[in-house]
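[1] What follows is a predicted structure for the sequence shown.
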Amino acid sequence: MTTTPRIPVAVSTAAVLLATTLCGAAPARADETGPSVPPGTEASPSAPVEVDPNDPDLQLPEGATLASPKVLDIKSVVEDQSGDERREDTNADVKFALQAEVLFGKDSARLSAEAKARIASIAEEIKNQNAAQVRVFGFTDNLGSSAHGDVLSKQRANAVQAVLDQDLNDANVTFEVRGYGEQYPIADNSTEAGRKKNRRVEVSFPRSEN
């Protein structure tokens with residue numbers, strides 16, 4: 001991966017919420033079982049401590065009750081100055097998001113040489129974390145038909161997974177590969193800058209406990 005100055009974007013502090021309910025060429029899992037939830041949208045782990053809902057110090061309005069407590073991981077987000085690549089780290093997972101323009105030509109699922117170098121660096125991080133499960137999810141903007149976006153995003157995810165599988169060369173690593181099309185945008189699709197961020201492939205895997 002090309003060395004580029006990186007700018008810290010955001011860090012959120014872990015907290016216990018006490019308010020009202022605030023993924024080819026390898027053994028990739030089939031998609032027929034229904035959509036998986038993209039990384040970052042899963043429910044948080046259970047709270048590490050019990051909370052007494054009857055504690056008067058909570059000062060809940062009369063008749064109100066507490067929702068189930070949730071814990072938010074500490075999240076560190078680092079993005080290239082160009083915005084082409086983004087890395088998110090939490091206590092449990094590592095996620096890379098690569099913009100489609102640095103991986104593929106327009107409306108294409110064929111990887112460039114530069115893209116393969118970027119993917120190789122992600123494979124090294126997967127090795128460093130001893131991850132045995134890797135998710136590769138493709139996304140598009142909302143231009144064109146939804147059906148076309150679904151197909152293109154899956155083709156792009158398959159292409160990235162194939163290179164990762166070759167670089168890792170580890171039969172113990174399993175992949176989940178999915179194409180979400182225009183679902184789960186991370187930016188405003190009404191502007192080209194936003195659509196560029198939404199055209200992406202995300203690679204995520206568990207962080208080592210060591």
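    Thanks, I have the structure now.

[2] Double-check Asp167 against Arg118; I have them as touching.
    No. With contact defined as C-beta atoms under 8 Å, Asp167 does not count as touching Arg118 (11.2 Å). (Glycine included, C-beta is placed from N, CA and C.)

[3] Show the residue spans covered by the helices in this protein.
    100-103, 113-128, 146-168, 192-198 (DSSP state H).

[4] For Ala64, find the nearest of those.
    Checking those against Ala64 by C-beta to C-beta gives helix 192-198 as the closest, at 37.8 Å.

[5] what does the closest one rub up against?
    83, 99, 101, 139-143, 182, 185-189 (C-beta atoms under 8 Å, 6 or more residues apart in numbering).

[6] just to revisit the earlier point, how about a markdown table for the helices of the chain, with mean pLDDT added?
    Below are the helices of the chain laid out as a markdown table (pLDDT from 0 to 100):
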| stretch | mean pLDDT |
| --- | --- |
| helix 100-103 | 89 |
| helix 113-128 | 92 |
| helix 146-168 | 96 |
| helix 192-198 | 91 |
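
[7] which stretch among these comes nearest Arg87?
    Using C-beta to C-beta, the helices of the chain put helix 113-128 closest to Arg87, at 8.8 Å.

[8] in the sheet, who's paired with the closest residue to Arg110 other than its chain neighbours?
    Nearest residue to Arg110 in three dimensions, chain neighbours excluded: Phe104, at 6.4 Å (C-beta to C-beta, 6 or more residues apart in numbering). Bridge pairing for Phe104 (DSSP bridges) gives the partners Leu111.

[9] where are the low-confidence patches of the chain?
    1-49, 53, 58-60, 71-73, 79-82, 209-210 (pLDDT under 70).

[10] Could you give the number of residues near Gln161?
    26 (other C-beta atoms under 10 Å).

[11] I figured it hits Arg135, correct?
    No. Checked against C-beta under 8 Å, the pair Gln161 and Arg135 is beyond contact range at 9.5 Å.

[12] Enumerate every residue touching Arg207.
    Counting by C-beta under 8 Å, 6+ apart, Arg207 makes contact with 89-94, 129.

[13] Just the buried ones from the residues you listed?
    89-90, 93-94, 129 (16 or more other C-beta atoms under 10 Å).

[14] Show me these that map onto strands.
    Members of the buried ones among the contacts of Arg207 lying in strands (criterion: DSSP state E): 89, 93-94.

[15] and the gap between Ala107 and Leu143?
    Not Ala; residue 107 is Asp. Look at Asp107 and Leu143: by C-beta to C-beta, to the nearest Å, they are 10 Å apart.

[16] These two: which is more packed in?
    Leu143 (13 against 10).

[17] The more buried one and Glu88: what is the separation?
    From Leu143 over to Glu88 the distance is 25 Å, taken as C-beta to C-beta.

[18] Distance of the nearest residue to Ile119 once chain neighbours are set aside relative to Thr90?
    Once flanking residues are discounted, Ile119 sits nearest to Val163: 4.7 Å by C-beta to C-beta, 6+ apart. Separation of Val163 from Thr90 (C-beta to C-beta): 25 Å.
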